[in-house]
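Engineer: Predicted model follows, preceded by the sequence.
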Amino acid sequence: MIAKEGYIFIFLSLLLMVVFYTAHLAFESTTLYVISVIFAFLTLFIMYFFRDPKRTFEHTDGVLVSPADGKVLYVKNIGHHEFIGGDTIKIAIFLNVFDVHINRIPSDGTIEYVKYNPGKFHVASVDKASEFNEQTEIGMTTKTGQKIIFKQIAGLIARRIVCKIKENDNVKAGERFGLIRFGSRTELFVPADSVINIKAGDRVVGSETIIGLLSSKEVKNKTEDKTA
């Protein structure tokens, strides 16, 4: 399946391929033929970039699923966060141009706010991108009562963030909510007592990789019962 946001790019690339190939036939130009071949490969790449595979996971209360495909840059405690209401773990994921760029909801809950921040376009793998790049920040209250935040951050090549959720939406872990075009970064902020199962350097898959579990009395009891 291909994300519908990619249709216009696929159409334009195909159109240009046809135009240049037709011109090549009319003028017998090698240059025009080479350009048409370039657009043919570009069309295939765009189709690959906007792929939207179906994903599944074992649903559990308090589960944290990866909000994106990519490489984990780091998992670290950043101290107190006002919205989360205590010490906070920040998880940064870098998406290169070959990763699936569909973003997904990390946990069940209700969206509290969606805030767009215009900014610059530093390389998404460097940490200043987290603060200065164009981004959309989403805050939510999970089904088990915790506050978490996830961000879509544009990169050097990415120039368009698509976010389809809004304040007061009730959402499910693993649901698609948007995408970032052509290289980007996704971040997740969770309470520091969450159990995190990933580390820097790991590869994660959106809506498939269980990156952790939100800690609450209810969740802890269920976890203890399963491991007993």
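Structural biologist: Here it is on my side, so go on.
Engineer: show me where the protein has helices.
Structural biologist: 7-27, 30-49, 128-132, 217-227 (DSSP state H).
Engineer: Could I get those in JSON lines, plus columns for mean pLDDT, mean neighbour count and distance to Gly201?
Structural biologist: In this view, the C-beta of every residue, glycine as well, is placed from N, C-alpha and C. What follows is those, written out as JSON lines (pLDDT from 0 to 100; neighbours: other Cβ atoms under 10 Å; distance: least, Cβ to Cβ, whole Å):
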{"stretch": "helix 7-27", "mean pLDDT": "95", "mean neighbour count": "15", "distance to Gly201": "32"}
{"stretch": "helix 30-49", "mean pLDDT": "94", "mean neighbour count": "15", "distance to Gly201": "24"}
{"stretch": "helix 128-132", "mean pLDDT": "82", "mean neighbour count": "16", "distance to Gly201": "18"}
{"stretch": "helix 217-227", "mean pLDDT": "48", "mean neighbour count": "12", "distance to Gly201": "26"}
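Engineer: I'd guessed Glu167 sits against Ile138; true?
Structural biologist: No: counting by Cβ atoms under 8 Å, Glu167 does not reach Ile138; the two are 9.4 Å apart.
Engineer: Show me which of these two is the more surrounded one.
Structural biologist: Comparing Glu167 with Ile138 by other Cβ atoms under 10 Å, the one with more neighbours is Ile138, at 26 against 13.
Engineer: any idea how the protein splits into domains?
Structural biologist: Domain assignment for the chain by automatic domain parsing gives 4-49, 63-213.
Engineer: Just name the most buried of those.
Structural biologist: Sort the domains of the chain by mean neighbour count, taking mean count of other Cβ atoms under 10 Å, and domain 63-213 sits at the top with a mean of 19.
Engineer: Could you tell me the least trusted of the domains of the chain?
Structural biologist: Of all the domains of the chain, the minimum mean pLDDT falls on domain 63-213 (a mean of 90).
Engineer: still on that earlier bit, overlap of the contact sets of Glu167 and Ile138?
Structural biologist: Overlap of the contact sets of Glu167 and Ile138 (by Cβ atoms under 8 Å, 6 or more residues apart in numbering) consists of 111, 113-114.
Engineer: Using a markdown table, lay out those together with distance to Val97.
Structural biologist: Formatted as a markdown table, the shared contacts of Glu167 and Ile138 follow (distance: Cβ to Cβ, whole Å):
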| residue | distance to Val97 |
| --- | --- |
| Ile111 | 29 |
| Tyr113 | 30 |
| Val114 | 26 |
